[in-house]
Each structure stands twice: as structure tokens, then as C-alpha cells.
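> Give me the fold of what follows.
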Amino acid sequence: MSNQNVVYCVTCVTLWSCHNNYYYCSVYCVAVCLPKSNSYQVKMSNAICQGLRSPIRRLASLKRALPISTSIVHNETILVKNNDEFVNKVMNNDKPVIINFHADWCEPCKILTPKLKELIEPLSNLDLAVVDVEDNADLVHTFEVKAVPAVIAIKNGLIVDKFIGLVDADMITGLIDRMSGKNKQNT
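As a prediction, this is how the structure comes out:
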């Protein structure tokens, strides 16, 4: 491998892996598409990794705060395979949908995705859609997903909420409660 293809994460000095012109930092679970210029890659990796320390610090507390249990599910998770399926099953859905953009190589995604499934699948008035960023580059571009995990809440075809990275358990349950109508006050 030539030096032009080697990119290190400036923050954690991990060798970034390259797949389809996307570079991945396995520690900070971030991906970026970079041109071939090595100096640009180093600048971009530095810019991207600045400020990514806090989600990693929250990772340890999230593992403790979000135990994964096995429960009987009432809803099926929508596994999005392409744009047409996304439009039909997510954008045209009568129910609100929480979209989870994830990747198999993303360690925080391995915590968040099962927890979202556990919390959303028992609800009959809310759906979960899972989008693999490796297989759905057009959706990643359309929704401007810059890092994974990324969660976007859709209601009536409109984005109503969004967060990137790991967040605390209260933020996740709060989003689910708002989207499912659990915290609406009766008037």
C-alpha cells in the first residue's frame, strides 16, 4: 500500500480503513468520502474528529444505561434496501417512523440499534426503519448523514427530529415517547 492511501485519525491515531472511497475510523465510528489528495485527507480527518470525543465518553455510560433484553415483538422493523422501498415504507407510512442509519463496522450502532428495536417494536403506533449506510449511499447523501449512528424521526413525510451519535437513554426514550404520542396531555 502506498503512503497516499494511508490515512490516520488525528485524534486517536488509528489507521483509517478505506472502502469504496470512504475512509473509516473504527474508534470514533465516523466515515468520510475523501479525494485522493493526502494533505486534504489529513485536514479532513482532523476536522471530523474534533469534537467527537464526547459521544465516545458517553458510550460506556450508555452500555450500562441501556441493557438489551429479549422480548416478544409486535412490529417488524423495516429493513430499507433501496430508495423505492424507503419512499414506500417510510415516507408514505401512515405512522411516524424513526430511521436508524447504521453500519456493521460501527461499535456504537451495535448498542443503539438493538435498543431502538427493543423500545419501538412493541409499539403499534410507531415504526422503526433501519438503513445500512454501506448499501444506501443515496439516502445517506439525501439526509446529510455525516456520521453513524444517526437517527431521524419522520412524521407525515417530514423530518421532525434528528440526532447523530450516541445520546443518553432519556433522550432516546423521550424521542420515542414524543413520536408515539405517549407524552401528549389530554385536553
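
> Next secondary structure element downstream of the lowest-mean-pLDDT helix or strand in the chain?
None of the helices or strands of the chain scores lower by mean pLDDT, DSSP states H and E than helix 53-65, at a mean of 36. Following helix 53-65 in sequence order, the next helix or strand is strand 78-80 (DSSP states H and E).

> quick one: buried residues of that following strand?
Within strand 78-80, the residues that qualify as buried are 78, 80, counting by 16 or more other CB atoms under 10 Å. Where C-beta positions appear, they are placed from N, C-alpha and C, glycine not excepted.

> ok, that strand: who's next to it in the sheet?
Here strand 78-80 has these sheet partners by DSSP bridges: strand 127-132 (parallel).

> now the partner strand: mean pLDDT?
Per-residue pLDDT values across strand 127-132 average out to 95.

> Could you report the separation of the closest residue in space to P108 that isn't next to it in sequence from N125?
Once flanking residues are discounted, P108 sits nearest to L166: 4.7 Å by CB to CB, 6 or more residues apart in numbering. Between L166 and N125 the distance is 26 Å, computed by CB to CB, to the nearest Å.

> pLDDT averaged over whichever strand or helix holds V151 - what is it?
For V151, the element it lies in under DSSP H and E is strand 150-155. Strand 150-155 shows a mean pLDDT of 94.

> Contacts for that strand, please.
By CB atoms under 8 Å, 6 or more residues apart in numbering, the residues outside strand 150-155 that reach it are 90-91, 93, 96-101, 112, 116, 143, 159-165, 175, 178-179.

> where exactly do the strands run in this protein?
Counting by DSSP state E, the chain has strands at residues 7-8, 15-19, 22-25, 30-33, 78-80, 97-102, 127-132, 150-155, 158-164.

> Just the buried ones from the contacts of strand 150-155?
Among those, those scoring as buried are 90, 93, 96-101, 112, 116, 143, 161, 164-165, 175, 178-179 (criterion: 16+ other CB under 10 Å).

> Flag the shaky bits of this structure, pLDDT-wise.
Where the chain drops to pLDDT under 70, the residues are 1-74, 183-187.

> now with 90?
Along the chain, segments meeting pLDDT under 90 span 1-77, 83, 107, 111, 121-124, 141-144, 146, 156-157, 164-171, 180-187.

> what's the burial count for the closest residue to N83 other than its chain neighbours?
Leaving aside its chain neighbours, N83 sits nearest to D138 (5.6 Å; criterion: CB to CB, 6+ apart). D138 is flanked by 10 other residues according to other CB atoms under 10 Å.
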